[in-house]
Structures are given as C-alpha cells and as structure tokens.
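Asker: A structural model of the following input is requested.
(one chain, ligands or ions: 1)
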Amino acid sequence: MAGVQDRTAVVTGASRGIGRAIALQLAKGGASVVINYHASAQAAEELAAQISAAGGKVLPFKADVSQLAEAEGLIKAAVDHFGKIDILVNNAGVTRDMLIMMMKEEDWDVVINTNLKSAWNCSKAATRAMMRKRYGRIVNITSVVGIAGQAGQSNYAASKAGLIGLTKSLAREVASRSITVNAVAPGFITTDMTATVSPDMLEELKKRIPLERWGTVEDIAHAVTFLASEEASYITGQVLSVDGGLIMG
Ligand code: NAP
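Answerer: Predicted coordinates for the structure are as follows:
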C-alpha cells in the first residue's frame, strides 16, 4: 500500500489541534511534512522535533495564510526544501462568534480571510506545482456548520460553506491532471477551538451525536490521511462528514 509514503505535504495551521494531528499522521505514513503556523512558534517547533526524533522529514514554516503573498511563500518553501508538493491540507481556521446584529465587520473579514481565502491562496499556489507533476491531493477542512448553519456563526458558516464550493469547483478544474480535491467536515472535536464550550453544553451537544461521544483530532486525521493517499485516486469533489453521525444526508 503506497498511502502517503514519500509524498510531500503542507498542512496549514498545524501547530495545534486537528492540523497537528494531521501532520503527525502524515509523517507516520512516511510523508515529508511542512508544518505551517502563524502565532504558535514554540508548539510548531516542538511538533517538528517530535517528528524528526521519530525519523520523519519536517519543516516548520511561519506564514499567515490569509495573505496571498505569505501563502505563496509557504508553498515555495515546501517545493524549495523537499523538491515538490503532493498534498495540501487547508486546515487553518478561527472563530469569531456573535449574533449578526452585534458582529463587527472585522469579525466577518478575519474569519472569511483566515478560513476561506487562505484555502484559495494556498490552492492557487500549489496547483501550479501539482499540475506540472500531474499528481496532487488537496483536502479542505470544512465543518458540519458549513452544511447545516449555526446561529451566532454566520461568518464561520459562510466560510465553511464557501470551502465546499471551492472544493467542488477546483475538483472539476484540475481533475484532468490527476489532482483530487475533497473536503472533510468535522462535527464536534475536542480542541482549543471548542475549549470554551461549557460542561453543560458539552453534554447537551453529545445527546445529538448518534455515536454518543465528541470526536478526537485523530478521528479527523485518519480521514484526511486516507483522502490524501494514493489509494483515494478515484474520489474527488466530495465532502466527507466525520461527525459521529451528527449529520446524515
Ligand atoms: P485550533 O485548535 O484553534 O487550531 C487552529 C490552527 O489554525 C492553529 O494551528 C493556528 O495556528 C492556525 N491558524 C489560525 N490562523 C492562522 C493563519 N492566519 N495562518 C496560519 N495558521 C493559522 O482549531 P482546531 O479545532 O484544530 O480547528 C482546525 C480546523 O478544523 C479549523 O479549520 C476549524 O474550523 C475546523 N473544525 C474544527 C472543529 C472542532 O470541533 N474543533 C469542527 C469543525 C471544523 P497558530 O496558533 O500558530 O496561529
């Protein structure tokens, strides 16, 4: 099984949470991994050291992927350092939750730029290199909220729904070059992003999940690693929900 062996992967927002688990899983599968981070330099360096110690090839790289020039710099660094880019995981994301009447314009802009424009930025830069090699795997991390919506998250839901449109459109654009583009839609996953949810709300939300538990970062990483593998070559333009059955349809 080829999996992700000897592939080069860029994971955005890999310093913490889901991105960190994806980077670890890809490295375990034999991929060289570029760990993108923005603010959490120490966490990224620690992850890089952990992967290196296990014999993996890794490059931590600071870039604000909401900025096109920095996203281009990230992809260029991957190609310069490892000679190619085969896998791009657009994972970086933030929330700025508020009811729309109280939400500031800046909260809309930051969330759309960090969650959606970043994926466009990185994909634009990476597809050029992937097209030349006639091989590529792009996996976008969307959300159950991008499918179903959520009160107080108009900015976040719009960014995640936008990612689904981007996934399907890009999948059609690059399919002839053997590049696949898919999305993974996590449900409720225990990370820093969801750390502010109160214990009462945790229990309340759990009742809505058929598998009766919150997801782990590894649950998401396994799905992403599969979609990023050689074996997933006939899957493109899909949105894979990894949510314990929260959304079925
Ligand atoms: P998290 O623990 O808050 O981590 C967010 C990551 O994004 C961090 O590594 C952060 O890096 C990075 N990041 C933020 N802004 C960035 C920027 N401008 N440029 C580069 N990196 C940036 O969040 P998470 O829960 O792991 O979420 C990861 C992804 O899964 C997000 O897209 C999120 O929307 C999605 N998701 C999460 C859940 C959930 O329940 N947790 C559910 C559905 C979808 P620094 O710290 O270095 O800035």
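
Asker: how about the residues of the protein near the ligand?
Answerer: Residues of the chain lying close to the ligand by Cβ under 6 Å from any ligand atom are 12-13, 15-19, 36-40, 64-66, 91-94, 114-115, 141, 143, 186, 188-189, 191-194. All C-beta spots, glycine's among them, are computed from the backbone N, C-alpha and C.

Asker: Narrow the residues you listed to those that are buried.
Answerer: 12-13, 15-19, 36-38, 40, 64-66, 91-94, 114-115, 141, 143, 186, 188-189, 191, 194 (16 or more other Cβ atoms under 10 Å).

Asker: How about K168: what's its closest non-neighbour residue?
Answerer: Counting by Cβ to Cβ, 6 or more residues apart in numbering, G237 is the residue found nearest to K168 once chain neighbours are left out, at 4.8 Å.

Asker: got the contact list for the most centrally placed residue in the chain?
Answerer: In the chain, the centroid-proximal residue (Cα atoms, centre = their mean) is N91; its distance is 2.1 Å. Going by Cβ atoms under 8 Å, 6 or more residues apart in numbering, N91 touches 11-14, 18-19, 22, 141.

Asker: try 10 Å this time
Answerer: Neighbour list for N91: 10-14, 17-23, 36, 65, 115, 118-119, 139-141, 184, 220, 224 [criterion: Cβ atoms under 10 Å, 6 or more residues apart in numbering].

Asker: One more: S229?
Answerer: So S229 contacts 1-5, 7, 26, 29, 31, 87, 137, 235 (Cβ under 10 Å, 6+ apart).

Asker: returning to what we had before: which ones are touching the residue nearest to K168?
Answerer: 164, 167-172, 175, 180-183.

Asker: Could you rerun that using 7 Å?
Answerer: Neighbour list for G237: 167-168, 171-172, 181 [criterion: Cβ atoms under 7 Å, 6 or more residues apart in numbering].

Asker: Which ones among the residues you listed lie within strands?
Answerer: Judged by DSSP state E, the contacts of G237 include V181 as members of strands.

Asker: Could I get the full set of helices for the protein?
Answerer: 17-28, 41-53, 68-82, 105-112, 118-133, 144-148, 154-174, 199-206, 217-227 (DSSP state H).

Asker: re earlier: can you add neighbour count and pLDDT and give the contacts of G237 back as a markdown table?
Answerer: Listed next are the contacts of G237 as a markdown table, based on neighbours: other Cβ atoms under 10 Å; pLDDT from 0 to 100:
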| residue | neighbour count | pLDDT |
| --- | --- | --- |
| T167 | 24 | 99 |
| K168 | 17 | 99 |
| A171 | 19 | 99 |
| R172 | 11 | 98 |
| V181 | 28 | 99 |
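
Asker: got JSON lines for the contacts of G237, with distance to S159 too?
Answerer: Shown next, in JSON lines, are these (distance: Cβ to Cβ, whole Å):
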{"residue": "T167", "distance to S159": "13"}
{"residue": "K168", "distance to S159": "16"}
{"residue": "A171", "distance to S159": "19"}
{"residue": "R172", "distance to S159": "21"}
{"residue": "V181", "distance to S159": "17"}
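
Asker: Extract the C-alpha set from the lowest-mean-pLDDT helix or strand in the chain and format it as CSV.
Answerer: Across the helices and strands of the chain, mean confidence by mean pLDDT, DSSP states H and E is lowest for helix 199-206: a mean of 91. The C-alpha coordinates for helix 199-206 follow below in CSV (Å, rounded to 0.1, in the frame of the first residue of the first chain):
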residue,chain,number,x,y,z
PRO,A,199,-19.7,21.3,30.5
ASP,A,200,-23.5,21.6,30.4
MET,A,201,-23.4,22.4,26.7
LEU,A,202,-20.9,19.6,26.1
GLU,A,203,-23.4,17.1,27.5
GLU,A,204,-26.3,18.8,25.6
LEU,A,205,-24.4,18.6,22.3
LYS,A,206,-23.4,15.0,22.9
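
Asker: and the residue of the chain most remote from its centre, what are its phi and psi?
Answerer: Of all residues in the chain, M101 sits farthest from the chain's C-alpha centroid, using Cα atoms, centre = their mean; the distance is 29.4 Å. The phi/psi pair for M101 (degrees, to the nearest 10) reads phi -70, psi -30.
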